[in-house]
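> Build the 3D model from these lines:
(chains A and B)
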There are 2 protein chains.
Amino acid sequence: MNIALDMMGGDYAPLETIKGVKLFLSENNKYDVDLTLIGDENKLIPLINEHEITAENITVVHASEVIEMQEHPTKALKEKQQSSISIGFHLLASGKTDAFISAGNTGAMMVGSLYSIKAITGVARPAIGAYIPGEDGKLSLLVDVGLNADCKPENLAQFALLGSLFAKYILNDENPRVALINVGEEEGKGNILCQATYPLLKENQRINFVGNVEGRDLLMGKAEIYICDGYTGNVILKFAESIYDIVQKRKIDDEYFNRFNFEMYGGVPVLGVNKPVIIGHGISTAGAFNNMILMAKKMIEQDFIEKIKKNFV
Amino acid sequence: MNIALDMMGGDYAPLETIKGVKLFLSENNKYDVDLTLIGDENKLIPLINEHEITAENITVVHASEVIEMQEHPTKALKEKQQSSISIGFHLLASGKTDAFISAGNTGAMMVGSLYSIKAITGVARPAIGAYIPGEDGKLSLLVDVGLNADCKPENLAQFALLGSLFAKYILNDENPRVALINVGEEEGKGNILCQATYPLLKENQRINFVGNVEGRDLLMGKAEIYICDGYTGNVILKFAESIYDIVQKRKIDDEYFNRFNFEMYGGVPVLGVNKPVIIGHGISTAGAFNNMILMAKKMIEQDFIEKIKKNFV
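Residues are numbered from 1 along each chain as shown, chains lettered A, B, ... in the order given. As a prediction, the model looks like this:
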């Protein structure tokens, strides 16, 4: 398998991406995975040599441009064809690589996923899942956290299935519980979207729907998959991220709140597109890149995209 | 002025409501405020005597029923006419009292506010504001946190004005900043609701609109008033409340996170109805009831309802 990594994406790239590659190679059988490292070769080659990364299963693909964090995604992707993200999607779409990882411009990664890799047939709206640390020590997946600000009930129902498949095949959870984020537990509660989504989730035999949960339940391990529209999910995720910033600032060293360091989970998968795409946090360091490579490896090993396709026939 | 208190509302009622009344009377000039205590007189009278509350400016109004926390609001209000909440709204609507406070069934308090007290002419949808503790030590107000699961742009624009007036007259903030909760800072970001609301807020000369904020900004003192639909606000508020539960459980004693104890703020005002109504947290103790009486007192002193009416002519 061949996993491509945008070496220029993220606040600490390319140094931390290089370190992440080295970490991955040191911990894994290097002959399992070929890595395609996309970026400015004038910067990458010296770093590769400096970090004594052996070249056997490493290919450097030169990218003369970088899409900066603040650039407009669609515009940048169109105008910067030689950027590491553009080249990454080109290699992935043409089958030269099997997965693509970047901690660069999140919007460009979303747009590239949707327009270059495209949604799996039957998936109306791909979504992004993010880990939420439960107080019980487990992780839940929050879907969607930003691809779809406005959703229809059918979209949320598909997010539930996409999330369940990810939990099953990537997180090894055979029967993940799905809950709908709402303002009350009873059926019939909530906004029009939730009211219309509930029966769709309830009647869906492919998921293990356990009902509505409230904001107070999200950290309490009430479900493995929490479903909401991308606007709400994005606000929740960023709110939770800010908790970690505050915990750090206030020098609170607590085992649980340390798990609010979302970087430790690597990146978030784009669920429902035709190839494995993983979007990293801007502040990703070596450990995060290593975790993203491992997630991509598992998605390929599990033939995860095919599993989704079968469920959306 | 006459402030009515539902003595039976809340997990620790009537003991903590009695203690709250005693606390208020001990700290304030008792001749300023007459208190109407609504509840089961067989329980209240012994408690009043036991706590040596002098009877001069206290009137006990007997209520033979209580709307329990889990009852259906509309049904309970209709069937339990002799409940403390029903009687409280009756006294308020008929002008016998000037404000009503309860930590009982939240839904019943909302329904009573909307149907017994009714919206101020010009206010399409009343809303509930909740305090959010900023990391800078200040408080912000989050509107709406649950009255309106589905909102139109015009509703959010009105929440912004209602919140601003509350901040100005009750929190003494002359020029409170208003921000729209969104998934990105730029105008044009977000779901259809946010996209349509932004220009309404921007062009409104009566508020100090400072733009969009993201979930990560809510605790960072970016604005005094954060605006969103009641579904999103409810999820955020309850998520934040759960942080405090976890902080307590993990025995983290931090000055900032202790301010996530939402009970310390007393209750939340119903903004946009014709009389001051304050809804308390179920777990309210004496301090919370004292704070709610103080909030009601200030709303009456400031002639807050008239101030709103003038702004919605």
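> contacting residues around A:Glu214?
Shown in contact with A:Glu214 (Cβ atoms under 8 Å, 6 or more residues apart in numbering or on different chains): A:181-185, B:234-235, B:238. No exception for glycine: its C-beta is placed from N, CA and C like everyone else's.
> For those residues, could you give me CSV that also reports pLDDT?
Converted to CSV, the contacts of A:Glu214 look like this (pLDDT from 0 to 100):
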residue, pLDDT
A:Ile181, 98
A:Asn182, 97
A:Val183, 95
A:Gly184, 91
A:Glu185, 91
B:Asn234, 96
B:Val235, 97
B:Lys238, 94
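> Please enumerate the strands of chain A.
Applying DSSP state E to chain A gives strands spanning A:2-6, A:34-39, A:58-62, A:99-102, A:127-133, A:139-143, A:177-181, A:208-213, A:225-227, A:267-271, A:277-280.
> Give me the domain ranges for chain A.
Following automatic domain parsing, chain A resolves into domains at A:1-123+A:272-313, A:128-260.
> Could you export these as TSV, including distance to B:Glu203?
TSV is the format used below for the domains of chain A (distance: least, Cβ to Cβ, whole Å):
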stretch	distance to B:Glu203
domain A:1-123+A:272-313	25
domain A:128-260	22
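> of all the ones you listed, which lies closest to B:Leu23?
B:Leu23 lies closest to domain A:128-260 among those, at 27.8 Å (Cβ to Cβ).
> Quick one: end-to-end length of that closest one, please.
18 Å (Cα to Cα, to the nearest Å).
> how about the helices in chain A?
Along chain A, counting by DSSP state H, helices occupy A:15-27, A:41-50, A:73-79, A:84-93, A:106-112, A:153-169, A:192-203, A:230-249, A:255-258, A:286-301, A:304-311.
> which helices and strands sit right next to the longest one?
Based on contacts counted as 3 or more Cβ pairs under 8 Å, 6 or more residues apart in numbering or on different chains; DSSP states H and E, the elements that helix A:230-249 packs against are strand A:127-133, strand A:139-143, strand A:177-181, helix A:255-258, helix B:230-249.
> Quick check: which of these is nearest to B:Gly190?
Closest to B:Gly190 of these is helix B:230-249 (Cβ to Cβ; 11.0 Å).
> and that closest one, how far from the chain's centre?
16 Å (Cα atoms, centre = their mean, to the nearest Å).
> Repeat that for stretch A:256-267.
What separates the centre of stretch A:256-267 from the centre of its chain is 13 Å, taken as Cα atoms, centre = their mean.
> Could I get the contacting residues of A:Asn105?
By Cβ under 8 Å, 6+ apart, the contact list for A:Asn105 reads A:9, A:67-69, A:71, A:73, A:76, A:85.
> how does it look with 6 Å?
Applying Cβ atoms under 6 Å, 6 or more residues apart in numbering or on different chains, we find A:Asn105 in contact with A:67, A:69.
> where's it relative to chain B, distance?
Relative to chain B, A:Asn105 is positioned 13 Å away (criterion: Cβ to the nearest Cβ, to the nearest Å).
> A:Lys309 now?
29 Å.
> Also A:Gly95?
33 Å.
> okay if I get the helices of chain A as a markdown table plus mean neighbour count?
Shown next, in a markdown table, are the helices of chain A (neighbours: other Cβ atoms under 10 Å in any protein chain shown):
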| stretch | mean neighbour count |
| --- | --- |
| helix A:15-27 | 20 |
| helix A:41-50 | 15 |
| helix A:73-79 | 16 |
| helix A:84-93 | 24 |
| helix A:106-112 | 24 |
| helix A:153-169 | 24 |
| helix A:192-203 | 18 |
| helix A:230-249 | 22 |
| helix A:255-258 | 16 |
| helix A:286-301 | 22 |
| helix A:304-311 | 16 |
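> Return the member of the contacts of A:Glu214 nearest to A:Pro269.
Checking the contacts of A:Glu214 one by one against A:Pro269 (Cβ to Cβ), the nearest turns out to be A:Ile181, at 19.3 Å.
> tell me the contacts of the closest one?
Applying Cβ under 6 Å, 6+ apart, the residues contacting A:Ile181 are A:226, A:228.
> switch to 10 Å and redo it
Under the criterion of Cβ atoms under 10 Å, 6 or more residues apart in numbering or on different chains, the neighbours of A:Ile181 are A:142, A:156, A:190, A:194, A:212-215, A:217-218, A:223, A:226-229, A:232-233, A:236, B:231-232, B:235, B:239.
> Could you do A:Thr106 as well?
Listed by Cβ under 10 Å, 6+ apart, the contact set of A:Thr106 reads A:9, A:69, A:73, A:128, A:146, A:268, A:279-282.
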